[in-house]
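Engineer: Sequence plus predicted model, see below.
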Amino acid sequence: MLEVRNKTAFEVALVPVQDKQGDDYAVVVIKGTFCWKDRGVPVPAGEPVPILHADTFHGEPGSSSLRYAADACPRKPGTDVALVGSAHVPGGKTATTLDVGLRVGPVQCVLRVVGDRRWQRMMGLWRPTSPEAFRTLPLVYERAFGGMDLTHADAAKHSGEPRNPVGTGYCAHGDAKRLEGLSLPNLERPGSPITHWKDRPAPVGLGFIGRDWMPRQRFAGTHDAAWEQERSPLLPEDFDERFHNAAFPELVSPQHLQGGEPVRLLNVTPEGQAAFHLPRFHVEVEARFSELRARHTAVLDTVVLEPDSRRLLLTWRAAVPCTRRFLDIRCVDVHATPA
């Protein structure tokens, strides 16, 4: 009987997966939950967050953005960095615009947060209203550019923004029924404001993006009739493992982070700025088969920052090859030591 012996303070799960060549792997997922204070060293939290075996959403699945990408997934070729939280004007004040951002080691992203605006017809032209003041705003893709336009009488002309179908501000035809009162995005890229309803800026955010969103979806490969007849249920030959990286593209580190990297946060806490270093652990997995043992060093491939609760989630992963031998695994030992 397969036994997983967790000798860490973290959550551990064993996930059987198969790659596009049909080779089997036992993927060991190790998830650590930490709490942190400004410029302090994050320490293990008393209540660990469980490993998620499916994506979770901010609202209704399929019509809202991802809150957390599933932990139980195959190998990631790089490290995802994501932030789940809100923009905060420092000191409890109000503002109509605010820059927010994060930097973790080599990856960084800065967004401009703009108060609520709507399209309004003035002097015969469609113009944005002046932004309203805010103290805090959620950093979700529902507030970034995107959305669906279903107003045309011909359903064949319905369309949406494939990079963010749950966003706001997208209008396909300039129909007054669609534009009047339509919310503009709160999240923009600094220096690239929306000025016309035909503008199609790239959606921006700090959180995870959906499996069927571009550009992530293009890594899923070709699922056509030829694939269904010749390869299914194997993955398509053009499947790219980068599909498993679910962070905003600018927040995916092509090389796995090691731990110990500096973290800098801007205007995602009431204090305005926060800084600390990622915890650094050496996480090792030993798989015992009936005839042999195999040691694997787990890589840090997911970093989730939750500034509103001062929480940090780190996920390490090790893929143990076991083609046609998954049931031969007798025991998996997991160790983690501070590095």
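Structural biologist: Looks like it arrived, so ask away.
Engineer: For the one helix or strand residue 274 maps to, list every residue counted as buried.
Structural biologist: When secondary structure is defined using DSSP states H and E, the element that contains residue 274 is strand 273-277. By neighbour count, and taking 16 or more other CB atoms under 10 Å as the criterion, the buried residues in strand 273-277 are 274, 276, 277. From N, CA and C alone the C-beta is placed, and that goes for glycine too.
Engineer: Hmm, the second one is touching residue 34, no?
Structural biologist: No - the pair residue 276 and residue 34 does not pass the contact test of CB atoms under 8 Å, sitting 9.7 Å apart.
Engineer: joint contacts of those two?
Structural biologist: Taking CB atoms under 8 Å, 6 or more residues apart in numbering as the contact criterion, the common neighbours of residue 276 and residue 34 are residue 42.
Engineer: Quick check: residue 233 vs residue 244, distance?
Structural biologist: Relative to residue 244, residue 233 is positioned 18 Å away (CB to CB, to the nearest Å).
Engineer: same question, residue 15
Structural biologist: Using CB to CB, one obtains 12 Å as the distance from residue 15 to residue 244.
Engineer: what residues are shared contacts of the two?
Structural biologist: Any residue near both residue 15 and residue 244 by CB under 8 Å, 6+ apart counts here, and that gives 73, 74.
Engineer: Quickly name whichever of the buried residues of strand 273-277 is closest to residue 196.
Structural biologist: Nearest to residue 196, judged by CB to CB, of the buried residues of strand 273-277 is residue 274 at 36.7 Å.
Engineer: Kindly state the beta-bridge partners for that closest one.
Structural biologist: Note on residue 274: beta-bridge partners by DSSP bridges are residue 265.
Engineer: Find me the pLDDT at residue 89, would you?
Structural biologist: Predicted confidence (pLDDT) at residue 89: the value is 98.
Engineer: give the contact list for it.
Structural biologist: Contacts here follow CB under 8 Å, 6+ apart; on that basis residue 89 touches 95, 98, 134, 135, 136, 267.
Engineer: Between those residues, identify the one with the most neighbours.
Structural biologist: Neighbour counts for the contacts of residue 89 (other CB atoms under 10 Å) peak at residue 267, which has 25 neighbours.
Engineer: How about the secondary structure of the closest residue to that residue other than its chain neighbours?
Structural biologist: With CB to CB, 6 or more residues apart in numbering as the measure, residue 100 is the residue that lies nearest to residue 267, at 4.4 Å, once sequence neighbours are left out. Assigned with DSSP: H, G, I helix; E, B strand; the rest coil, residue 100 falls in the strand class.
Engineer: I'd like the numbering to begin with 14 instead of 1 from here.
Structural biologist: Sure thing, new numbering starts at 14, so read that last one as residue 113.
Engineer: wait, doesn't residue 113 sit right on residue 121?
Structural biologist: No - taking CB under 8 Å as the contact criterion, residue 113 and residue 121 are not neighbours in contact, 11.8 Å apart.
Engineer: tell me, what residue is most central in the protein?
Structural biologist: In the chain, the residue lying closest to the centroid (CA atoms, centre = their mean) is residue 221, at 2.0 Å.
Engineer: Residue 323 versus that residue, what's the distance?
Structural biologist: From residue 221 over to residue 323 the distance is 20 Å, taken as CB to CB.
Engineer: before we move on, what about residue 142?
Structural biologist: When CB to CB is applied, the distance between residue 142 and residue 323 equals 35 Å.
Engineer: out of those two, which sits in the more crowded spot?
Structural biologist: In this comparison of residue 142 against residue 323, neighbours counted by other CB under 10 Å, the higher total goes to residue 323 at 17 against 14.
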